[in-house]
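Student: Below are the sequence and a predicted model; questions follow.
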Amino acid sequence: MHVSSEIGSHTPRVESMRAPLAYLFMIREGPTYSLGDLAPECELLSQRFAGEFWSYGSYEADVQIGRIRLRVVKDRSRIRAFNFLRFARRVLRHARESHSIFRGPIVVTSYDPFKGGLLALCVARRLKAVFVCEVNGVYGSKDNFAHVRTAAWRRVRLLQMRITGSYVLHRANGVRLLFASQLLNFVTLRSNTVVRQFFALTYTERFFPGPEEPIILAAGYPFMRKGVDLLAAAFLRIAPRYPNWRLVLIGHLIPNQLRALGIKGRQILALPGLAQEELAKWVSRCAILALTSRSEAMGRVLLEGAAAGKCRIATRVDGIPTVITDGVDGVLVEKNDVDSLAAGLARLMDDKDLRQRFGNAARLRVASEFSPTAYLTHYSEFITAACKAKDHVSQ
């Protein structure tokens, strides 16, 4: 599929007619599978910025969305490294050929401090631009590698990520975190780095309330990091008491991994990864949304569940407590604690009024604290602060 046009339906609101705060050169390591993965973010950022958004995936696109040009490079190989190298060549060639046409402050952004971060850093140097990097994982936690089979390979992966992450983040003018201690045991930033802490953009408007069915839903990947095995064990422990309830597990390779571990039960339904519109239907149907991760920087699915007014239960780990307050808009349990998880599930399964109270509170909170408008406010202040900091250093 190739898309090349201007999308009129994504015309920005009147606010975007103001002069842009900066020209954003955004790099998002793929893959992306649909224009809908990235178009809403372009539309939102177009209210305050001009620029271009680069990614790669299963389709080719060159689309103007408001003041943001979305460019997607189509994968040509089954090997991700080859696809990334081809993508990087396109990005660097474009930066080299187009650097003289940009006006005003230029900010190069990366979603991560690894391959995408190295590429973004190269582009920023070529354009003599501000460089900001997001951190969207808990890379210093051993549980971030729970899906890696051997301890030796986990150590190698952590060392590799520390070397690359340190190199990139030490050269960033600004770093966006999801929670305060996110870089613990990973990287210590320079004292003059602009650091901000706020949530990752989540398309909460795609998720909607619906009549609840006796379903506990979990969605995510990788299997072990997301604690799917723990959730299945907790559910199987109490399932005989709740014969009408089902556990629905959605995620890449989840059916295969359940079989490999011998986890099965007539009340468990396992599905491979789904498009977001299909996932939204399952969220609308469920009574309880669960995220029992061993490591989790934030958990977008928790915000998606909140937008649908669903009761949430999750582990008290890393950044999850920034989006759930225990006993107010959800339930938090300790990680790796199957007994507490089973008890928390049973408590919610027994009490519809409690589920509704937590779900209503979650929906109100996500609308006020985690909306796209709130994200744009945080993001705009962050970019402005990074630009001012670089100007100060340059003087």
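Tutor: Great, that's in hand. Residues are numbered from 1 along each chain as shown.

Student: how long is stretch 30-37 end to end?
Tutor: Across stretch 30-37, the terminal residues are separated by 11 Å (C-alpha to C-alpha, to the nearest Å).

Student: buried set for it?
Tutor: For stretch 30-37, burial by neighbour count (16 or more other C-beta atoms under 10 Å) applies to 30-32, 34-35, 37. Heads up, the C-betas are built off the backbone N, CA and C, glycines and all.

Student: Which one of those is nearest to Q356?
Tutor: For the buried residues of stretch 30-37, the minimum distance to Q356 (C-beta to C-beta) is 32.1 Å, reached by D37.

Student: where does the protein have low pLDDT?
Tutor: Along the chain, segments meeting pLDDT under 70 span 1-17, 99-101, 391-395.

Student: hmm, try it at 80
Tutor: 1-17, 98-103, 147-149, 390-395 (pLDDT under 80).

Student: Domains in it, by residue range?
Tutor: Here the domain parsing of the chain from automatic domain parsing is 2-203+372-394, 204-369.

Student: Can you tell me which helices and strands the helix or strand hosting L44 packs against?
Tutor: Following DSSP states H and E, one finds L44 within helix 39-45. Counting contacts by 3 or more C-beta pairs under 8 Å, 6 or more residues apart in numbering; DSSP states H and E, helix 39-45 packs against strand 50-57, strand 60-65, strand 68-74, helix 372-394.

Student: Using PDB, write out every CA atom in it.
Tutor: What follows is helix 39-45, C-alpha atoms only, in PDB (Å, rounded to 0.1, in the frame of the first residue of the first chain):
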ATOM      1  CA  ALA A  39      -1.900  10.200  12.000                       C
ATOM      2  CA  PRO A  40      -3.700  11.300  15.200                       C
ATOM      3  CA  GLU A  41      -0.300  12.200  16.800                       C
ATOM      4  CA  CYS A  42       0.600  14.300  13.800                       C
ATOM      5  CA  GLU A  43      -2.800  16.000  13.900                       C
ATOM      6  CA  LEU A  44      -2.400  16.800  17.600                       C
ATOM      7  CA  LEU A  45       1.200  18.100  17.300                       C
END
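
Student: how distant is it from the center of its chain?
Tutor: For helix 39-45, the separation from the chain centroid amounts to 15 Å (computed by C-alpha atoms, centre = their mean, to the nearest Å).

Student: Please enumerate residues in contact with that helix?
Tutor: For helix 39-45, contacts defined as C-beta atoms under 8 Å, 6 or more residues apart in numbering pick out 7, 10, 12, 24, 51, 53, 63, 65-66, 68, 70, 201, 203, 372, 375-376, 379.

Student: I figured V72 hits A61, correct?
Tutor: Yes: between V72 and A61 there is a contact under C-beta atoms under 8 Å: 4.0 Å.

Student: what about those two, which has more around it?
Tutor: A direct count of neighbours by other C-beta atoms under 10 Å for V72 and A61 places V72 higher, at 28 against 22.

Student: who's that one bridged to?
Tutor: Here V72 sits in beta bridges with S55, A61, as judged by DSSP bridges.

Student: residue contacts, the closest residue to P211 other than its chain neighbours?
Tutor: Nearest residue to P211 in three dimensions, chain neighbours excluded: R285, at 7.7 Å (C-beta to C-beta, 6 or more residues apart in numbering). For R285, the contact set (C-beta under 8 Å, 6+ apart) comprises 210-213, 215, 217.

Student: Next one: R285 from G305, what distance?
Tutor: R285 sits 12 Å away from G305 when distances are taken as C-beta to C-beta, to the nearest Å.

Student: Any chance of the backbone angles for the residue nearest to R126 when sequence neighbours are not counted?
Tutor: The shortest distance from R126 to any non-neighbouring residue, by C-beta to C-beta, 6+ apart, is to A95 (5.1 Å). For A95, the backbone dihedrals (degrees, to the nearest 10) come out as phi -60, psi -40.

Student: Give me the distance between the two termini of stretch 302-319.
Tutor: With C-alpha to C-alpha as the measure, the ends of stretch 302-319 fall 11 Å from one another.

Student: and R196, that's in a strand?
Tutor: Yes: counting by DSSP: H, G, I helix; E, B strand; the rest coil, one finds R196 located in a strand.

Student: what's the neighbour count on it?
Tutor: 16.

Student: Tell me who's in contact with it.
Tutor: For R196, the contact set (C-beta under 8 Å, 6+ apart) comprises 174-177, 378, 381-382, 385.

Student: Run through the bridge partners of it.
Tutor: Applying DSSP bridges, one finds that R196 bridges with R176.

Student: Which positions in the helix or strand that contains A232 come out as buried?
Tutor: Using DSSP H and E, A232 falls within helix 228-238. By 16+ other C-beta under 10 Å, the buried positions in helix 228-238 come out as 228-237.

Student: Next: stretch 367-384.
Tutor: 370-372, 374-376, 379-380, 382-384.
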